[in-house]
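Enquirer: curious how this folds, go ahead:
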Amino acid sequence: MKKKKKWKTWLSEQYLKYREHYTGIPGFFKKRIVNTLLLSFLLLYGGCALGLAQKSAGFVGWTVFLAVCGVGYAGYIYYLAVTKSYEVVEGTVTEIHAELLFDGFKRVLVQGDDGITTELLLNKETVVMYGKAYRFYFNQNAHAFSGIRRLDAAFDFGNFFGVEEVKE
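Expert: The predicted model follows:
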């Protein structure tokens, strides 16, 4: 009887600890974690159903492998968010320069509330608008690959997590 009480107490404490961590995570990371988990479980369900209907053990095996990778990636995002291994650049977009048509990058100038302007080199698919406030998330432990800005941006190995609009 006493052993079950200790186990239940421990489980309750762990739940409260992770709940506290989860509430401290920015909304951008929460959305990414939930979407990744939903896609992983949808893939698991659909892939296993299709693989069992075709009686293909290999298809089911690869589906399970990919779903486990998705859950692991969601866990990695959770780890990054909880340990605060990210850097945030927040401010209003003051200039957008799409320099060359074929290189796939644009230069974005962001002015923070303190008046400091930061220059970001982003992918052209990143949607930002002039005059709006955004929060950009970058990997805090990112290292320069070559020292050449465009080359480092081209070989972006997960250094830019994403952007969210700041609602005032």
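
Enquirer: what number of residues lie near residue 82?
Expert: 14 (other CB atoms under 10 Å). (C-beta placed from N, C-alpha, C; glycine too.)

Enquirer: oh, that last question was meant for residue 7, not what I typed.
Expert: Neighbour tally, residue 7, other CB under 10 Å: 10.

Enquirer: confirm it sits in a helix?
Expert: Yes - Residue 7 forms part of a helix when assessed by DSSP: H, G, I helix; E, B strand; the rest coil.

Enquirer: roughly how far apart are it and residue 15?
Expert: 13 Å (CB to CB, to the nearest Å).

Enquirer: and if you look at residue 125?
Expert: With CB to CB as the criterion, residue 125 and residue 15 are 39 Å apart.

Enquirer: of those two, who's got more company?
Expert: Comparing residue 125 with residue 15 by neighbour count (other CB under 10 Å), the higher total belongs to residue 15, at 10 against 7.

Enquirer: wait, what's in contact with the more buried one?
Expert: For residue 15, the contact set (CB atoms under 8 Å, 6 or more residues apart in numbering) is empty.

Enquirer: now residue 126. Nearest residue, chain neighbours left out?
Expert: Using CB to CB, 6 or more residues apart in numbering and skipping residues adjacent in sequence, the residue nearest residue 126 is residue 163, 6.1 Å away.

Enquirer: against residue 43, how distant is that neighbour?
Expert: According to CB to CB, residue 163 and residue 43 sit 26 Å apart.

Enquirer: could you find the closest non-adjacent residue to residue 41?
Expert: Setting aside the residues directly before and after it, residue 41 is nearest to residue 67 in space (CB to CB, 6+ apart), at 7.0 Å.

Enquirer: so what does the helix or strand where residue 93 lies touch, helix or strand wise?
Expert: Using DSSP states H and E, residue 93 sits in strand 86-97. Where contact means 3 or more CB pairs under 8 Å, 6 or more residues apart in numbering; DSSP states H and E, strand 86-97 is packed against strand 105-111, strand 117-123, strand 133-139.

Enquirer: out of these, flag the one nearest residue 72.
Expert: Among the helices and strands packed on strand 86-97, the nearest to residue 72 by CB to CB is strand 133-139 (17.7 Å).

Enquirer: need the contact partners of that closest one.
Expert: 26, 28-29, 80, 85-93, 110, 120, 128, 158-166, 168.

Enquirer: sheet-wise, list the partners of it with their directions.
Expert: strand 86-97 (antiparallel), strand 160-165 (antiparallel) (DSSP bridges).

Enquirer: okay, and the beta partners of the residue nearest to residue 126?
Expert: residue 136.

Enquirer: what sits against the residue nearest to residue 141 when sequence neighbours are not counted?
Expert: In space, residue 141 comes closest to residue 85 once its chain neighbours are excluded; the distance is 6.3 Å by CB to CB, 6+ apart. Residue 85 makes contacts with 79, 139, 140, 141, as judged by CB under 8 Å, 6+ apart.
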